[in-house]
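Chemist: below are the sequence and a predicted model; questions follow.
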Amino acid sequence: MIGQDLLGIENLEREQIELILETAERMQEIGAREVKKVPTLRGHTLVNLFFEPSTRTQTSFEIAGKRLSADVVNFSASSSSLTKAESLLDTGKTIDAMDPDAVIVRHKVAGVPQRLADVLEAPVINAGDGAHEHPSQALLDMLTVSQEKGRIEGLTVAIIGDIAHSRVARSNIYGFTKLGAEVRVAGPPTMLPARVEALGVKAYTSLREALDGADVVMALRIQNERIAGACFPSVREYSATFGLDRVKLRYARPDAIVMHPGPVNRGVELSHDLADQRPSVVLDQVRNGVALRMALLYLIAGRRSAVERG
Amino acid sequence: MANDAPPSSASADTPETIGERIVLDDLGIRRCLMRIAHEIVESNADLSELYVVAVPNGGVPLARMLVDNLAQVSECEVPLGILDTTLYRDDLVTRGMRPRLRRTEMPSSVDARVVVLVEDVVSTGRTIRAAMDALMDFGRPSGVKVVALVDRGHRELPIKIDHVGKNIPTQPGEAVVLRGSEVDFEGDLEVVVQARRVRDSRVEHRAGQMERGA
């Protein structure tokens, strides 16, 4: 996989997903050591190219890179020449001319990582583009579920919330269905995309029906600022209907786990205690994110021309 | 990685095996490891300092046997660790490859312990070099010894083997492998020398240079 882009889960084969998850499980052991660093990517440079603010994903990639001994450079939009009106592709080519071994891209417009991948020599890792995909999040979610449940095949995963605008939902739908889970999506009708069943999922507007027999309940973040008023009458009403608490969770299997990609709006998508206490695995997701991203960097980082010289 | 074919289970650079002979059978391997257990007991005054660390995959079943033998010979419970050296290899950058990782399980720190590294086949010494680097990330051992079931020669680094099961000189193009009668080194073990059709790209490159008189 060295030198290959990771733009989304849609284009990954099941075997590739399984290799990434297996590699991430091995990387977890490094996080448990006293010395949390291995020399694997010495002399490699990674660039975090974030056009949209993200402390969690950016920090996770940065720690992952540093644990593999790579040099990690953060290039954020506010401090960049983008404020001087340099075009996206020029920015990408400028960074590429400094010979990084991977460029990790986050942008609010879907398709930007693909556009950069077309012109960059370095492999591009999509760290979230618009409402398109967020592959590293979905992979860390799959890692978390497979370790909690011991498998993914045959599980029922219910994704609750703003499905239409969620790149996390899309990537997880692709990933979990490829690994043989049954995926359900639920939310207000305004938040369910038309023809979502074409992705191989079942759509529900009733939380109770969506949760019935679910092994995994994944709540999505409500973009308060953007969505309230447009898709549902009020945050309070959303919370009353689709917000998860221990009472509504009784509809799911007794051993169901609760997930959230973060940051959690406490009291909106999840009740206060479900934000960080069992059966919530939100903090495990964050911890697994570092190991998962180490696996991605291990498998991918390296310039394409270096691979051909091999 | 988009649009690319999935990785096939058999790697493209696995060379074709064109013949093989068994050089150590299960009984032979067991005898080697019993002798080595005696040697270790003989050469270490304080057996409570010992810590056996296996280099996967082949080192794992051998290290288990060695720990059992040590218990039998000296009634000493020696801790057993597993240490994958892949992330410490020296060819990850130059050869442009990222091998599948194997499990690492180190039950405790190696501080002030005499570590006995166990590998199935030692040749260039590069894996032992990587294992020593990896070991130092788990503490400061008071000493490191190396056990190899087979030493096949062709050393490229100044690495000494302390306890050898059997020396097996080999030709270029020959490989020495430990394998079990069942998967994952279960069942009876044996060591075989395999003659392989060399398809190493570096060798072909060198051959090409020689043909052109370079």
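Modeler: Perfect, I can see it now.
Chemist: just give the number of residues close to residue 74.
Modeler: By default, I'm working from chain A. Residues lying near residue A:74 (other C-beta atoms under 10 Å in any protein chain shown) number 15. Where you see a C-beta, it was placed from the backbone N, CA and C, and this is true even at glycine.
Chemist: nope, chain B
Modeler: 16.
Chemist: wait, doesn't it sit right on residue B:46?
Modeler: No - Residue B:74 is beyond contact range of residue B:46, at 11.1 Å (criterion: C-beta atoms under 8 Å).
Chemist: report the buried residues of stretch B:162-172.
Modeler: Within stretch B:162-172, the residues that count as buried by 16 or more other C-beta atoms under 10 Å in any protein chain shown are B:162, B:163, B:164, B:165, B:166, B:168, B:170.
Chemist: actually stretch B:126-140, sorry about that
Modeler: Across stretch B:126-140, burial judged by 16+ other C-beta under 10 Å covers B:126-135, B:137-139.
Chemist: what about that stretch, distance to the chain center?
Modeler: Averaging C-alpha positions (C-alpha atoms, centre = their mean, to the nearest Å) puts stretch B:126-140 13 Å from its chain's average.
Chemist: can I get it as PDB, trimmed to CA atoms?
Modeler: Taking Å, rounded to 0.1, in the frame of the first residue of the first chain, the C-alpha atoms of stretch B:126-140 are listed here in PDB:
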ATOM      1  CA  ARG B 126      20.200  -8.200  10.900                       C
ATOM      2  CA  THR B 127      17.100  -9.600  12.700                       C
ATOM      3  CA  ILE B 128      19.200 -10.000  15.900                       C
ATOM      4  CA  ARG B 129      20.400  -6.400  15.500                       C
ATOM      5  CA  ALA B 130      16.800  -5.200  15.200                       C
ATOM      6  CA  ALA B 131      15.800  -7.400  18.200                       C
ATOM      7  CA  MET B 132      18.500  -5.800  20.400                       C
ATOM      8  CA  ASP B 133      17.300  -2.300  19.500                       C
ATOM      9  CA  ALA B 134      13.700  -3.300  20.200                       C
ATOM     10  CA  LEU B 135      14.800  -4.900  23.500                       C
ATOM     11  CA  MET B 136      16.300  -1.600  24.700                       C
ATOM     12  CA  ASP B 137      12.900   0.000  24.400                       C
ATOM     13  CA  PHE B 138      11.800  -2.300  27.200                       C
ATOM     14  CA  GLY B 139      14.500  -1.400  29.700                       C
ATOM     15  CA  ARG B 140      18.200  -2.000  30.300                       C
END
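Chemist: now do that stretch: everything it contacts.
Modeler: A:33-35, A:37-39, B:53, B:55, B:81, B:83-85, B:87-91, B:106, B:109-113, B:115, B:117, B:119, B:122, B:141, B:144, B:146, B:156-157, B:159 (C-beta atoms under 8 Å, 6 or more residues apart in numbering or on different chains).
Chemist: picking up where we left off before, shared neighbours, residue B:74 and residue B:46?
Modeler: Residues touching both residue B:74 and residue B:46 (C-beta under 8 Å, 6+ apart): none.
Chemist: could you pull out the strands for the stretch 151-300 of chain A?
Modeler: A:156-160, A:182-186, A:202-204, A:216-219, A:257-259 (DSSP state E, counting those that start in this stretch).
Chemist: now render those strands as JSON lines, adding distance to residue A:291, mean neighbour count and mean pLDDT.
Modeler: Supplementary listing: the strands of the stretch 151-300 of chain A in JSON lines, determined by distance: least, C-beta to C-beta, whole Å; neighbours: other C-beta atoms under 10 Å in any protein chain shown; pLDDT from 0 to 100:
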{"stretch": "strand A:156-160", "distance to residue A:291": "21", "mean neighbour count": "26", "mean pLDDT": "98"}
{"stretch": "strand A:182-186", "distance to residue A:291": "24", "mean neighbour count": "23", "mean pLDDT": "98"}
{"stretch": "strand A:202-204", "distance to residue A:291": "31", "mean neighbour count": "17", "mean pLDDT": "97"}
{"stretch": "strand A:216-219", "distance to residue A:291": "19", "mean neighbour count": "27", "mean pLDDT": "98"}
{"stretch": "strand A:257-259", "distance to residue A:291": "16", "mean neighbour count": "23", "mean pLDDT": "98"}
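Chemist: of all those, which one is nearest chain B?
Modeler: strand A:182-186 (21.6 Å; C-beta to the nearest C-beta).
Chemist: contacts for the closest one?
Modeler: Counting by C-beta under 8 Å, 6+ apart, A:154-160, A:163, A:169, A:172-173, A:176-177, A:192, A:196, A:200-207, A:209-211, A:214, A:242 sit against strand A:182-186.
Chemist: those residues, buried ones only, as a ChimeraX selection?
Modeler: Remark: buried members of the contacts of strand A:182-186, expressed as a ChimeraX selection using 16+ other C-beta under 10 Å:
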select /A:155,156,157,158,159,160,163,169,172,173,176,177,192,196,201,203,204,207,210,211,214,242
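Chemist: just the ones of the contacts of strand A:182-186 in helices?
Modeler: Judged by DSSP state H, the contacts of strand A:182-186 include A:169, A:172, A:173, A:176, A:177, A:207, A:209, A:210, A:211, A:242 as members of helices.
Chemist: tell me which two in those residues are the farthest apart.
Modeler: A:177 and A:242 (22.2 Å; C-beta to C-beta).
Chemist: relative to the whole chain's centre, how far out is the helix or strand harbouring residue A:115?
Modeler: According to DSSP states H and E, residue A:115 maps onto helix A:112-119. Here helix A:112-119 is found 19 Å from its chain centre; the criterion is C-alpha atoms, centre = their mean.
Chemist: show me which residues of that helix are buried.
Modeler: Going by neighbour count (16+ other C-beta under 10 Å), the buried part of helix A:112-119 is A:112, A:113, A:114, A:115, A:116, A:117.
Chemist: so the residue nearest to residue A:202 when sequence neighbours are not counted versus residue A:196, what's the distance?
Modeler: Closest residue in space to residue A:202, ignoring its immediate chain neighbours: residue A:184 at 4.8 Å, by C-beta to C-beta, 6 or more residues apart in numbering or on different chains. Distance, residue A:184 to residue A:196, by C-beta to C-beta, to the nearest Å: 10 Å.
Chemist: what is in contact with the two at once?
Modeler: Counting by C-beta under 8 Å, 6+ apart, the shared contacts of residue A:184 and residue A:196 are residue A:203.
Chemist: which helix or strand contains the residue nearest to the spatial centre of chain B?
Modeler: Chain B has residue B:119 as the residue nearest its centroid, 3.3 Å off, counting by C-alpha atoms, centre = their mean. Element membership for residue B:119 (DSSP H and E) is strand B:114-122.
Chemist: can you flag which of the contacts of stretch B:126-140 belong to helices?
Modeler: Among these, no residue falls in helices (DSSP H).
Chemist: can the helix or strand where residue B:67 lies be found next to chain A?
Modeler: Here residue B:67 sits within helix B:59-74, counting by DSSP H and E. No - Helix B:59-74 stays clear of chain A (C-beta under 8 Å from any C-beta of the partner chain), getting no nearer than 14.9 Å.
Chemist: need the contact partners of that helix.
Modeler: B:29-30, B:33-34, B:36-38, B:40-41, B:47, B:50, B:52-54, B:76-78, B:80, B:82, B:116-120, B:147, B:149, B:178, B:180, B:185, B:189.
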